[in-house]
Structure formats: structure tokens, C-alpha cells
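[1] Below are the sequence and a predicted model for it; my questions follow.
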Amino acid sequence: MRRLERFFAGREPGGEVAVYLFGSMARGADQPDSDVDIGVLYRSDPPPTFDGLPLRLESELERLLGRATQVVTLNTAPADLRARVLRDGVLILDRDPSFRIRFEVRTRNEWFDLQPTLREYRRMGVRAV
């Protein structure tokens, strides 16, 4: 985790406001073949084109860590994934705490608003079986 902190702290700011390590590595349950899951919150939404994909960042992190790496753009990730990152993730970069906190509050509100729909969906799925 120290390598990740140093990597992001030493990077020229590319719009990253906050970075989270999540998944098995954040939970301390990673295996030698586990990938590294990184969630990145940007100041503005990346373009919905190939240029908006975090491919260069993934490549840099894979070289640094020697492991497969998946970078998720939190700005555009589904509410359930964002909520999981906040619940289980470890914050490794926080360039703008106010911006990050607004994102976290909005994510939690969206997640809680989604709960009744998810409960109904699960209930209907169980009934259909």
C-alpha cells in the first residue's frame, strides 16, 4: 500500500481528487494471483470515449506492482460498486477532502435510495424460483 501512496502522491495531478484501494487487497484477503482494484474519483467526469478509459494508469500501476490492476472511474461507476468501495476500501489519496466528502455523501444517499428497489427485486426473484 505504501507504494501506491507514494505513486499517487508523486504523480502530477491529472484530475484525480481521491483514490481508494478496494477488493481483496484492501480486505487483506489477496492471494498471489489476485489483481489490484483501484477506484479513482476525478474532479470532472472523463469523456465517454476511449480517451476516458484509465488504460494508461492501469498500465503504470501494473508495472509498479507487478500484478494485474483494474482501475474503476468512480464518477461513472454504478451506485452499488461505489458503495462497496466506500464500505470496504482504503483511502490512499485525498487531494480535496470537501469534494471527496460530497461524493461520499451523494453515493451513500443514492445507495440508500436504491435499497427498496433492490429488496423488491430480490423478493420477486425468490418468488419466481
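    In hand now; what should we look at? Please read these numbers as outputs of a predicted model, since none were measured by experiment. Numbering: from 1, shown residues only.

[2] helices or strands up against the helix or strand where Arg56 lies?
    For Arg56, the element it lies in under DSSP states H and E is helix 55-65. If contacts are counted by 3 or more CB pairs under 8 Å, 6 or more residues apart in numbering; DSSP states H and E, helix 55-65 sits against helix 2-10, strand 36-42, strand 69-73. Heads up, the C-betas are built off the backbone N, CA and C, glycines and all.

[3] Mind listing the strands the last one pairs with, and their directions?
    Sheet neighbours of strand 69-73, with direction, are listed as strand 36-42 (parallel) (DSSP bridges).

[4] Identify each buried residue in the helix or strand of the chain with the lowest mean pLDDT, please.
    Least confident element among the helices and strands of the chain, by mean pLDDT, DSSP states H and E: helix 97-128 (a mean of 84). Within helix 97-128, the residues scored as buried using 16 or more other CB atoms under 10 Å are 100, 103-104, 107, 111.

[5] what's around Gly14, how many residues?
    12 (other CB atoms under 10 Å).

[6] How about the secondary structure of it?
    Under the three-state scheme (DSSP: H, G, I helix; E, B strand; the rest coil), Gly14 adopts coil.

[7] mind starting the numbering at 578 from now?
    Right, with 578 as the first residue, what we last looked at is Gly591.
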